[in-house]
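Participant: Sequence and predicted structure, then a few things I'm wondering about:
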Amino acid sequence: MNRDLTLHDVLVAGIAVAAGLAAALVLRVILKWLGERADKTRWGGDDIIVAALRALVPWGAITGGAAVAASVLPLNARVERNVTMTLTAVLIMAATLTVARIVAGLVQALADSRSGVAGSATIFVNITRVVVSAIGFLIVLETLGVSIAPLLTALGVGGLAVALALQDTLANLFAGVHILASRTVQPGHYIRLSSGEEGYVVDINWRNTVVRTLSENLVIIPNTKLSGTNMTNYHRPERLMTLNVQVGVGYDSDLDHVERVTTEVVESVMADVAGGLPDHEPAVRFHTFGDSRIGFTVILGVGEFSDQYRIKHEFIKRLHRRYRAEGITVPAPTRNIAVQQGELPIPHQRIAPEPTAAPPAHRSPAVGGSL
């Protein structure tokens, strides 16, 4: 110490620390009020910024109060330098975490706005958070007087060994980045792989892609498999799709009447059922003279892939009810079987002759026998 510690120094230092704590509480209340105002705006970025500042600003106030208290106390040059470096490192680390949170939140919001769904591609969020945190960590080390040049050299040399050890992980990472950069698959799309897996893409992270099936189960697919397999994306180039339903009527039906009735049913389904397209133009196409009916295809419009089941269900019910009311028959396949009555002629069988008895074997008299 440059001089002796006095009661005045302790009081001033205590007041500085208390002022920092009080300022932290007041600023947190103010930021909470700003957060409530930000919730009412249409832009989601202000919510992210205010939420991140609620963690940084109180720490800044506390650090400022501690710095003032340290400057008031009669500390020697070495202790004062160590205290200053420590407080600066704490403030930089808090700022780094805040910046990482803000940038990651903005990337998350951008991914949500591009995909239009609640889930988002966290791979970019994680990369952004790791990069910002790494930069802040290096700045903290430099502030504490630790040279980062040897560390960077060691990381460069050890990077090759790490890359060899994490080949599969890095392959999945770059495959995920390629998938998102090419925009072939985005969270919210409905996909079907050639291996049979299908469902809505929930998230694409640094290692795998999470797909939610219609039965509410999750399928975890490695990014390398997703990028290297044949896949059908039912949301590209657009979500709207057509649904073909096969129908058949009897040969005695008036096909013009059948077409008119079927078209009316299609229009009612498109207008009333959720997922239908009211602007869809109904189409009925006759195509086959079958064994017992004339087959035709009904083309309906569907908002997206999962809506087809509801649309098809309601269409078949309404069409069956309307056909019964109009007297239009949908015959079942029939088969005529001819059965010939009477006895079937039995072919004569050839009877083999009975075997004749073999003649008795000649027996020679025994030598030395009695006469």
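Facilitator: Received, thanks.

Participant: show me what contacts the nearest residue to Ala23 once chain neighbours are set aside?
Facilitator: Closest residue to Ala23 apart from its sequence neighbours, by C-beta to C-beta, 6 or more residues apart in numbering: Ala61 at 4.0 Å. Quick note: C-beta positions are derived from backbone N, CA and C, even for glycine. Ala61 makes contacts with Gly20, Leu21, Ala23, Ala24, Leu27, as judged by C-beta atoms under 8 Å, 6 or more residues apart in numbering.

Participant: switch the cut-off to 10 Å
Facilitator: If you count contacts by C-beta atoms under 10 Å, 6 or more residues apart in numbering, Ala61 has them with Ala19, Gly20, Leu21, Ala22, Ala23, Ala24, Leu25, Val26, Leu27, Arg28.

Participant: filter those residues to the buried ones?
Facilitator: Neighbour-count burial within the contacts of Ala61 applies to Gly20, Ala23, Ala24, Leu27, Arg28; the criterion is 16 or more other C-beta atoms under 10 Å.

Participant: May I see the buried residues of the helix or strand harbouring Arg322?
Facilitator: Assigned by DSSP states H and E, Arg322 belongs to helix 308-326. For helix 308-326, burial by neighbour count (16+ other C-beta under 10 Å) applies to Gln308, Ile311, Lys312, Glu314, Phe315, Arg318, Leu319, Tyr323.

Participant: Let me have those residues in TSV, extended by distance to Ser194.
Facilitator: Formatted as TSV, these follow (distance: C-beta to C-beta, whole Å):
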residue	distance to Ser194
Gln308	20
Ile311	26
Lys312	24
Glu314	31
Phe315	29
Arg318	35
Leu319	34
Tyr323	38
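
Participant: what's the next secondary structure element after the least confident helix or strand in the chain by mean pLDDT?
Facilitator: The weakest-scoring helix or strand in the chain, judged by mean pLDDT, DSSP states H and E, is helix 149-165 (a mean of 63). Downstream of helix 149-165, the first helix or strand assigned by DSSP H and E is helix 167-182.

Participant: Measure how far that next one is from the centre of its chain, please.
Facilitator: 15 Å (C-alpha atoms, centre = their mean, to the nearest Å).

Participant: How about stretch 192-202?
Facilitator: In terms of C-alpha atoms, centre = their mean, the gap separating the centre of stretch 192-202 from the centre of its chain is 9 Å.

Participant: Contacts for that stretch, please.
Facilitator: Contact with stretch 192-202 is made by 115, 117-121, 179, 185-191, 209-221, 225-226, 229-235, 304-306, as judged by C-beta under 10 Å, 6+ apart.
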